[in-house]
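# Quick one, what's the 3D model for this:
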Amino acid sequence: MVRFVHHELMAAVAWLSGIAVGLTAAVVRGSGPVRGEALAQAVAVVIGFAVLLTLVHASGLKHVSHKRDFETAVALPSDVRLPRRNPLHLLFHLPYLLLFLAPGVLALFWLDSSFLMALLATDWLGRAAAAVRWERRHGRLVWRGYIHDEPWQLAYTLISPRFRP
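So this is what the prediction gives:
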């Protein structure tokens, strides 16, 4: 069981780290240098796209927003032990390792794909930001993976003094 926010942030961190490693390897290998103006424009577009996706995820639009998923989450029983581990342990699971390796390999061999791959990471960041906003407004923490048969089903706990995120 893992907090939804941590899941989304770790996916984005793994993806963006893979892009950074791939770009570094591509530059060392001798691919064309990245110009400062183009890099600044790319960063501005990625930040703008991240803000736009965050607004879309927080809006409640059907099929793109997780707001409805959060509202239909089931309450966790009070006797469930919540994980106390550092969320960085997620980076060592196979899916996150693949999220690290895939963009790194793509960026190494196809340098032009890095911009598009950075836009993909903004989706995870937008979901995490929308989840944080929803959690703070409703006083609940959203978890995924409580129901083993349905790992994508969300559950929630109330924010209590014994557990501070």
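# Quick one: the strands in the protein, in order.
Assigned by DSSP state E, the chain shows strands spanning 2-3, 74-75, 140-144, 154-158.
# Can I get the ones you listed in JSON lines including mean pLDDT, distance to Leu106 and mean neighbour count?
Heads up, the C-betas are built off the backbone N, CA and C, glycines and all. Below are the strands of the chain laid out as JSON lines (pLDDT from 0 to 100; distance: least, Cβ to Cβ, whole Å; neighbours: other Cβ atoms under 10 Å):
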{"stretch": "strand 2-3", "mean pLDDT": "84", "distance to Leu106": "26", "mean neighbour count": "20"}
{"stretch": "strand 74-75", "mean pLDDT": "86", "distance to Leu106": "38", "mean neighbour count": "11"}
{"stretch": "strand 140-144", "mean pLDDT": "89", "distance to Leu106": "27", "mean neighbour count": "21"}
{"stretch": "strand 154-158", "mean pLDDT": "86", "distance to Leu106": "31", "mean neighbour count": "18"}
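# what sits against the residue nearest to Gly139 when sequence neighbours are not counted?
Leaving out its chain neighbours, the residue that sits closest to Gly139 by Cβ to Cβ, 6 or more residues apart in numbering is Ile159, at 5.2 Å. Taking Cβ atoms under 8 Å, 6 or more residues apart in numbering, we find Ile159 in contact with Glu135, Gly139, Arg140, Leu141, Pro165.
# swap in Val46?
Contacts of Val46 (Cβ under 8 Å, 6+ apart): Phe115, Ala118, Leu119, Thr122.
# so how far is Leu16 from it?
For Val46, the distance to Leu16 (Cβ to Cβ, to the nearest Å) stands at 10 Å.
# Could you pull out the residues contacting both of those two?
Shared contacts of Val46 and Leu16, counting by Cβ under 8 Å, 6+ apart, come down to Ala118.
# Flag every buried residue along the lowest-mean-pLDDT helix or strand in the chain.
Using mean pLDDT, DSSP states H and E, the weakest-scoring helix or strand in the chain turns out to be helix 94-109, at a mean of 74. For helix 94-109, burial by neighbour count (16 or more other Cβ atoms under 10 Å) applies to Tyr96, Leu99, Phe100, Ala102, Pro103, Gly104, Leu106, Ala107, Leu108.
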